[in-house]
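Enquirer: model the structure of this input:
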Amino acid sequence: MSARRVITAIAAAFLLAVLLTPPDFDRLTPAAFLRVPAEALAGAVLLLVLPARARRWTAIAGGIVLGLLAVVKAFDIGFDAVLGRPFDLVQDWALLEPAVDYIRTTAGGAAAIGAIVAAVLVALVLITVTTLATARVSAAAVRHSTATVRTVAVLSVLSIALSAPGLPIVATDTANTAVAHADAVAAALRDQERFTAELSVDAFRDTPGSRLLNGLRGKNVVIAFVESYGRTAVEDPTVTAALDAGTRRLADRGYRTRSGFLTSPTAGGGSWMAQATLLSGVRVDNQQRYRTLVSSDRTTLNHTFQRADWRTVGVAPAISRAWPEGEFFGYDRIYPEADLGYRGPRFGFAAMPDQYTLSAFQRFEHGDRPTMATIALLSSHAPWDPIPRPVPWDAVGDGSVFAGMPSGGKAAESIFSRDPAAVRGDYARSVEYTMGTLVSYVETYGDDDLVLILVGDHQPASVVTGPNASHDVPITVVTRDSAVIDKTSPWGWTEGLRPGGAAPVWPMEAFRDRFLTTFS
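Expert: Residues are numbered from 1 along each chain as shown. Prediction:
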């Protein structure tokens, strides 16, 4: 075979791979490439019926479009692997910055720059090679038009014959990808108006502070957002044992616990959208909604506590730069990473262990007014390795005690380069650590006035959950005050830190109004 024919064969194989690659991470198997791409058959017919002068430019234009769709497919595969959904051409560009921050945090600045450069180069090369390959294969198909017609006819008949008994021989992934993304763009444009209308419906916007939260007067209310704490965690034996042990330990100290489930608007990432959903009472499932929300006058849980004369505090160890939208939520004081005074090593993505975050909050906040705090706990953030060890609370200090741990400061490996079973084990241990830390915090610093609400922000990545996992996350109330816990009886939540299988599932956006209705 001549070199020219070899190159043409390689170009054809490349185009088939581009056309047959499914946009879903879970379908990326060898069987996916044992099909006939309907787009290739249609493209061959189109080229044969076009006038000669139009063929070349049609092939080039088609190659560019196919290359762009290949880039979109690559984004789809990545988003599906991490977030369990395809890439949104309108909404998701803003998520690329947190992705780069994640690489910078876990692997270093050089790795982040390298990832950006590599991604741009891969996209440009993919578009260029796809365009050149399309032009070359198209020219060959036209030169050998008789063979092309016969091949298209045979494959078309074969496809129809094999499709009849239900064999998935015909592939339309690329065309489906284009249609799906076009529909998503149209839906995103319509969503803006719909969300604005949702924001205007706010049952508690004008409620005076004297009529708010009277069932919690005098209580210090802490909402702890536990990173990646989803339904998958409470189905893991390691976490189950930790939760059941924690329930018994808290009961021995006089605490009562009740748990249920919320359905998060996101999965695998996007913690800020889940937190915004719970605090605002509207579903925030994309960046456009988040930006619209934080520029609105929507009443948040923090605002209602503030209006009812609580001091409101946000502890945000993941915030390492200016955060202007923080003003929207209604905090009297925000503690970003720089203000928490941590002097120890990082553990994976987490700037500091959860034990230090809780210790710093306890050290900094001792006011005369009751406090309502939201605290972000990060130790269960991917890649779930390394995991800190607990230390005596009186030894936490400025965090330098954690520097002595062998894993402290180690560059984290990608969750996709490790054995999935090992990743799932690390995930379970990280949640076990955070749950144990919260129980220990309550045992050490809790009193009759503490009301702790611990809630997951979203499920972990699909490498942990498996495909088609729900978006459900656990939520738990912990308190010694029977009057407080009894008010939650109509919610139907189950006893203990671990929600039972029959525990109710609410949309996360429903929590704000149910909570305020119950305690006001």
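Enquirer: flag the shaky bits of the stretch 101-250 of the chain, pLDDT-wise.
Expert: Low-confidence segments of the stretch 101-250 of the chain (pLDDT under 70): 106-107, 154-173, 175.
Enquirer: try 90 this time
Expert: Where the stretch 101-250 of the chain drops to pLDDT under 90, the residues are 101-120, 122, 130, 133-194, 196-197.
Enquirer: now swap in the stretch 401-520 of the chain and tell me
Expert: 404-420, 462-463, 466-468, 501-502.
Enquirer: strands of that one, start to end?
Expert: All strands of the stretch 401-520 of the chain, identified by DSSP state E, counting those that start in this stretch, fall at 450-456, 472-479, 494-495, 505-507.
Enquirer: what does P499 show for phi and psi?
Expert: When read as degrees, to the nearest 10, the backbone of P499 gives phi -70, psi 140.
Enquirer: quick one: it and F261 touch, right?
Expert: Yes. The criterion here is C-beta atoms under 8 Å, and P499 meets it with F261 at 5.6 Å. The C-beta positions use only the backbone N, C-alpha and C, and glycine is treated the same way.
Enquirer: shared neighbours of these two, anything?
Expert: P474, I475 (C-beta atoms under 8 Å, 6 or more residues apart in numbering).
Enquirer: turn the strands of the stretch 401-520 of the chain into a markdown table, including distance to H381 and mean neighbour count.
Expert: Shown next, in a markdown table, are the strands of the stretch 401-520 of the chain (distance: least, C-beta to C-beta, whole Å; neighbours: other C-beta atoms under 10 Å):
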| stretch | distance to H381 | mean neighbour count |
| --- | --- | --- |
| strand 450-456 | 12 | 23 |
| strand 472-479 | 14 | 25 |
| strand 494-495 | 27 | 16 |
| strand 505-507 | 24 | 15 |
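Enquirer: between the ones you listed, which one is closest to G246.
Expert: Closest to G246 of the strands of the stretch 401-520 of the chain, according to C-beta to C-beta: strand 472-479, at 9.4 Å.
Enquirer: what's the angle between the closest one and strand 450-456?
Expert: 170 degrees (axes from the mean of the first three to the mean of the last three C-alpha atoms, to 10 degrees).
Enquirer: what does strand 472-479 rub up against?
Expert: 219, 229-231, 233-234, 250, 255-264, 274, 442, 450-459, 484-485, 488, 493, 497-499, 505, 508, 511.
Enquirer: ok, 6 Å please
Expert: 230-231, 234, 255, 257-264, 451-456, 485, 488, 497, 499, 505 (C-beta atoms under 6 Å, 6 or more residues apart in numbering).
Enquirer: that strand pairs with which strands, and in what direction?
Expert: Here strand 472-479 has these sheet partners by DSSP bridges: strand 256-263 (antiparallel), strand 450-456 (antiparallel).
Enquirer: can I get the strands of the stretch 401-520 of the chain in CSV including distance to I7?
Expert: Below are the strands of the stretch 401-520 of the chain laid out as CSV (distance: least, C-beta to C-beta, whole Å):
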stretch, distance to I7
strand 450-456, 53
strand 472-479, 52
strand 494-495, 65
strand 505-507, 55
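Enquirer: for these, which one sits closest to R136?
Expert: Closest among those, once you apply C-beta to C-beta, is strand 472-479, at 50.0 Å.
Enquirer: can I get the closest one in PDB, CA atoms only?
Expert: This file holds the C-alpha atoms of strand 472-479, laid out as PDB (Å, rounded to 0.1, in the frame of the first residue of the first chain):
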ATOM      1  CA  ASP A 472     -29.500  13.500  47.400                       C
ATOM      2  CA  VAL A 473     -27.400  14.700  50.400                       C
ATOM      3  CA  PRO A 474     -27.900  14.100  54.100                       C
ATOM      4  CA  ILE A 475     -29.000  16.800  56.500                       C
ATOM      5  CA  THR A 476     -29.000  16.500  60.300                       C
ATOM      6  CA  VAL A 477     -30.100  18.600  63.300                       C
ATOM      7  CA  VAL A 478     -28.200  18.200  66.600                       C
ATOM      8  CA  THR A 479     -29.300  19.800  69.800                       C
END
